[in-house]
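Chemist: Here is a sequence together with a model predicted from it:
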Amino acid sequence: MGSWTNVILFAAGGAAFVLAALLVSKAIRPHRPNEEKTTAYESGEQAVGSAWAQFPVRFYIIALVFLLFEVEILFMFPWAVVFADGAAHTETAGRWGWFAFAEMVIFILVLAAGLAYAWRKGHLQWPKPLQASTSTDSHVPQQFYDAVNERYKPAR
């Protein structure tokens with residue numbers, strides 16, 4: 001048997017396990033639908049419109065930048081443990097200490113370049129909401145606004 005045969009066998013075994021787990025769970029679960037189970041869950045409000053609302057792409061970009069730094073943290077903890085352990089042992093400090101340090105500096109520089117790129121492109125800028133108009137150019141005359149403001153003026 002070749003090495004690819006092992007890979008194919010493991011992939012087929014994994015797929016068979018997942019399929020068997022889904023079929024067994026469908027076979028043994030209770031299926032008793034009723035009106036209570038089909039009502040609105042969270043707020044009690046019936047859904048209006050389509051659930052396919054479009055979100056700005058900025059949500060996804062911020063999420064990806066967040067994941068980028070989470071992955072950085074995941075890689076930095078084991079590196080710090082190995083680097084500190086290598087620094088404690090003088091025989092391995094010379095071999096792996098500076099190599100590990102240089103490797104992490106390169107890794108952080110690549111991530112910093114990605115952050116600088118996202119920053120430069122403006123992907124980290126969140127658009128400010130439009131301010132509501134505070135002008136009194138409506139159908140209500142200004143003297144009514146002044147009368148209400150005078151009436152409810154705080155006492156000093």
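Modeler: Yep, it's here. Remember, it's a predicted structure, so these values are computed and weren't measured experimentally.
Chemist: After the lowest-mean-pLDDT helix or strand in the chain, which helix or strand is next? Please name it.
Modeler: When the helices and strands of the chain are scored by mean pLDDT, DSSP states H and E, helix 90-92 comes last with a mean of 56. Remark: after helix 90-92, the chain's next helix or strand is helix 98-120, criterion DSSP states H and E.
Chemist: ok now that following helix, how far from the chain's centre?
Modeler: Relative to its parent chain, helix 98-120 has a centroid offset of 21 Å by Cα atoms, centre = their mean, to the nearest Å.
Chemist: what about the very next helix or strand once past that helix, average pLDDT?
Modeler: Where DSSP H and E defines the elements, the next helix or strand beyond helix 98-120 is helix 142-151. Averaged across helix 142-151, pLDDT comes to 81.
Chemist: CA atoms only: put helix 142-151 into PDB for me.
Modeler: Presented in PDB, the C-alpha positions along helix 142-151 are these (Å, rounded to 0.1, in the frame of the first residue of the first chain):
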ATOM      1  CA  GLN A 142     -39.900  78.700  15.400                       C
ATOM      2  CA  GLN A 143     -41.900  80.600  18.100                       C
ATOM      3  CA  PHE A 144     -43.500  77.300  19.200                       C
ATOM      4  CA  TYR A 145     -40.000  75.700  19.700                       C
ATOM      5  CA  ASP A 146     -38.900  78.800  21.700                       C
ATOM      6  CA  ALA A 147     -42.100  78.600  23.800                       C
ATOM      7  CA  VAL A 148     -41.500  74.900  24.600                       C
ATOM      8  CA  ASN A 149     -37.800  75.500  25.400                       C
ATOM      9  CA  GLU A 150     -38.700  78.500  27.700                       C
ATOM     10  CA  ARG A 151     -41.400  76.500  29.500                       C
END
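Chemist: so where's this structure shaky on pLDDT?
Modeler: 1, 42-44, 47, 83-97, 129-138, 156 (pLDDT under 70).
Chemist: Could you say which helix or strand holds the spatially most central residue of it?
Modeler: Centroid-nearest residue in the chain: residue 63, 3.8 Å away (criterion: Cα atoms, centre = their mean). Using DSSP H and E, residue 63 sits within helix 57-88.
Chemist: Could you list every helix and strand in contact with that helix?
Modeler: Here helix 57-88 touches helix 98-120, going by 3 or more Cβ pairs under 8 Å, 6 or more residues apart in numbering; DSSP states H and E. Yep, even glycine has a C-beta here, placed from its N, CA and C like the rest.
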